[in-house]
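Chemist: With the sequence up front, the predicted model follows.
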There are 2 protein chains.
Amino acid sequence: MNGTGVGGTVTMHDVAALAGVSVKTVSNVVNDYPHIRPATRDKVKRAIDTLGYRMNISARSLRKGRTGIIGLALPELSLPYFAELADSVIRAAEERGVVVLIEQTGADRQHELDVLTSERRQLTDGLIFSPLALGPDDADALKVDYPLVVLGERIFGGDWDHVTMNNVDAARAATQHLIDRGRRRIAVVGAHAGETMGSAALRLLGYQAALAANGIPFDPALVVEGGLWHRSTGAACTEQLLDAQVKVDAIFGLNDALALGALHALHARRIDVPGEIAVIGFDDIEDAAYASPTLTSISPGREEIAATAVELLLARIAGGSEPYRRVIPDFDVIERESTLV
Amino acid sequence: MNGTGVGGTVTMHDVAALAGVSVKTVSNVVNDYPHIRPATRDKVKRAIDTLGYRMNISARSLRKGRTGIIGLALPELSLPYFAELADSVIRAAEERGVVVLIEQTGADRQHELDVLTSERRQLTDGLIFSPLALGPDDADALKVDYPLVVLGERIFGGDWDHVTMNNVDAARAATQHLIDRGRRRIAVVGAHAGETMGSAALRLLGYQAALAANGIPFDPALVVEGGLWHRSTGAACTEQLLDAQVKVDAIFGLNDALALGALHALHARRIDVPGEIAVIGFDDIEDAAYASPTLTSISPGREEIAATAVELLLARIAGGSEPYRRVIPDFDVIERESTLV
DNA sequence: GATAGAATTTACATCGTTGGAAACTTCCCG
DNA sequence: CGGGAAGTTTCCAACGATGTAAATTCTATC
């Protein structure tokens, strides 16, 4: 099948020679140029197969000014949500014929700034960027001269495409889901005091809106602060909540890791879920479906976020100059055992 | 800081012109060629800064025949172990100045074969490959003409570098760890019947060796088959074990996901861990430290595996022709709550 | 102060591909 | 059957960097 001899690099010249046409014709065939006589196309294709020719990407990139690689900058692959996001982005990119170079920022502000001007930007045609540490003040740093799609919540209103989630409405739906099942003392785990733009603030807003819509008074004692959205934080917050003797019949973890941590803490205290306390999370990571009890969660449309981000980026790379867009995929409440009536 | 005008690409010619030297001298400076007069070097560096020059990677790749990109083919980023492995590989690669292109195979045999001949191989200088579905019969497919480092257990003895783990000894140590804590009825969860080369078979071998060394008879009733090493499998296997009324005082999950699944199943049945049943896993994924109780596990030296793989690959890319190596990093038993005496 | 030998710097071809425009072929119509 | 339009193919010059070998500029030595 592969006729390439060891070490022998086959170029378009070789193909052209074997097919008895010019190099440019080979190039035209490879690039699906429409005006080629079928007989010629066949000859060339046969020669390509015979020699096992593979295009030299560097040469093409040099000539075209594009590499066919897009960058994906995210905090860490070891955080399940981002691992799953990367998975989806890679699949979406593959479908469109580009590949993905992943860079990790560790959710560190300086590292996030560095990624924007890194030498690697030379290697990629554009960047999908999911910042966690940058704030509204850093908006200027995002004014770069290459195609950029920003994911997440922290920075609004700049000259770039933005794919985000409907945090407020989704959190409202999550809260409503609990209210519909008769819960009234709903705690929130993982809030970030002082934040106004981040996911934490927006989700808390949705929570409050749902309470208000149902005439349930807001009780600050039910809101537990928690910095890093890890399992351990969720567990700690939940213990704190229980220790404070606050009356609670449901917990809303602002992401799944927090909610899973809450589940563990409740298990440890032999508190029945959902019998005594119902739990809902946010992100719908794979673990949610495997926890025991399985965890009800909000699916923010991860696949769609990834597909949209890739699509917007490629359109921008292709030179599209439509106004910058902000896309907000639909979310879903995925009901599982942890909130069963 | 960055003097690049919008859209204006700065090349070595521009730098050379500004510095008043030839293009080649700029190239020499950039590449740390030793024989350059300090004054010249300074002039050039100043010009580079002034213009904000960035090397065009495609051009360099074309000329040098290297891209500075290495491939990493793994089953899925959504499996925690592989997400963490990717994390480590990316960091190790970054330290050595190369970047990583990730491809997912979905643990599908055909897809794993495809990755070896994919068009992307053109774009990468070499490949780190972690197959899960290929078996010894596929060894021929691994005879490729580019630098390759294979991770894992399934295929031995070919012309490539191999970084693996000491599955047998590590499993023996895990089992011994349980025996030392007084356990005698140790179940194994996630075995693969019929397999002889894979991690499952090797780890089972280590388990048996430890039993033998301690004069404990091997009881097949304690070995539970489980195909996919997911949490759900671990939970199902554990339930099966408990339902069978087999007497058990410890469970060895052949990986952490299985062990975590076992923990959940035990929790659900209110069986105290480690009081009634101790649990140990394998891989030491991050979740192990956050589970409740926290999970004792075998750390196979993930960081070292990643660093070694990158190192071997880069040496091979650089043209090293030493005999092919098989590297087996040290493992550690990480003791946590699930096996506390 | 001439000169070999080392240290620096340069000119030029070249890596493999594609854009642009020229050069052929065909085909169709008056 | 001439002529123009449309369809095909080819030629040539880049894209931006580096290897090679030659040219030039020191240094040290006698």
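Modeler: Everything's here; your move. Numbering: from 1, shown residues only, chains lettered A, B, ... in the order given.
Chemist: need the contact list for the residue nearest the centre of chain A.
Modeler: By C-alpha atoms, centre = their mean, chain A has its centre lying nearest to residue A:85, at 4.0 Å. By C-beta atoms under 8 Å, 6 or more residues apart in numbering or on different chains, residue A:85 lies in contact with A:74, A:130, A:151, A:302, A:305, A:306. For glycine as for every other residue, the C-beta is placed from the backbone atoms N, C-alpha and C.
Chemist: rerun that using 10 Å as the cut-off
Modeler: Applying C-beta atoms under 10 Å, 6 or more residues apart in numbering or on different chains to residue A:85 gives the contacts A:72, A:74, A:77, A:79, A:128, A:130, A:151, A:283, A:285, A:302-303, A:305-306, A:309, B:77-78.
Chemist: Ok, residue A:293 next?
Modeler: Per C-beta under 10 Å, 6+ apart, neighbours of residue A:293: A:263, A:266-267, A:272-275, A:278-279, A:336-340, B:264, B:268.
Chemist: If we use 6 Å, what do you get?
Modeler: A:273, A:337, A:338 (C-beta atoms under 6 Å, 6 or more residues apart in numbering or on different chains).
Chemist: Specify which member of the residues you listed is nearest to DNA strand D.
Modeler: residue A:338 (55.9 Å; C-beta to the nearest atom of the strand).
Chemist: following whichever strand or helix holds residue A:114, which helix or strand shows up next?
Modeler: Per DSSP states H and E, residue A:114 falls inside helix A:109-117. Toward the C-terminus, helix A:109-117 is succeeded by strand A:126-129 as the next helix or strand (DSSP H and E).
Chemist: residues in contact with that following strand?
Modeler: So strand A:126-129 is contacted by A:70, A:71, A:72, A:73, A:146, A:147, A:148, A:149, A:150, A:309, A:313, A:317 (C-beta under 6 Å, 6+ apart).
Chemist: where does the fifth one land in three-state SS?
Modeler: Using DSSP: H, G, I helix; E, B strand; the rest coil, the three-state assignment for residue A:146 comes out as coil.
Chemist: can you check the fourth one too?
Modeler: Of the three states, residue A:73 takes strand according to three-state DSSP.
Chemist: partner residues bridging it?
Modeler: Assessed by DSSP bridges, residue A:73 has beta-bridge partners residue A:103, residue A:129.
Chemist: so residue A:325 makes contact with residue A:161?
Modeler: Yes: with contacts counted by C-beta atoms under 6 Å, residue A:325 reaches residue A:161, the gap being 5.2 Å.
Chemist: the more surrounded of the two?
Modeler: Between residue A:325 and residue A:161, residue A:161 has the larger neighbour count (other C-beta atoms under 10 Å in any protein chain shown), namely 26 against 14.
Chemist: Low-confidence stretches in the stretch 1-150 of chain A?
Modeler: A:1-8 (pLDDT under 70).
Chemist: Let me know the helix or strand that the residue nearest to the centre of chain A is in.
Modeler: Using DSSP H and E, the element containing residue A:85 is helix A:80-95.
Chemist: Show me what residue of the stretch 101-250 of chain A gets nearest to chain B.
Modeler: residue A:231 (4.1 Å; C-beta to the nearest C-beta).
Chemist: what about that residue, neighbour count?
Modeler: Residue A:231: 27 neighbours (other C-beta under 10 Å).
Chemist: residues contacting it?
Modeler: Here residue A:231 is in contact with A:257, A:260, A:261, B:290 (C-beta under 6 Å, 6+ apart).
Chemist: can you check residue A:253 too?
Modeler: Counting by C-beta under 6 Å, 6+ apart, residue A:253 makes contact with A:189, A:234, A:259, A:262, A:281.
Chemist: Which of these are buried? Put it as a PyMOL command.
Modeler: Selection of buried members from the contacts of residue A:253 for PyMOL, criterion 16 or more other C-beta atoms under 10 Å in any protein chain shown:
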select buried, chain A and resi 189+234+259+262+281
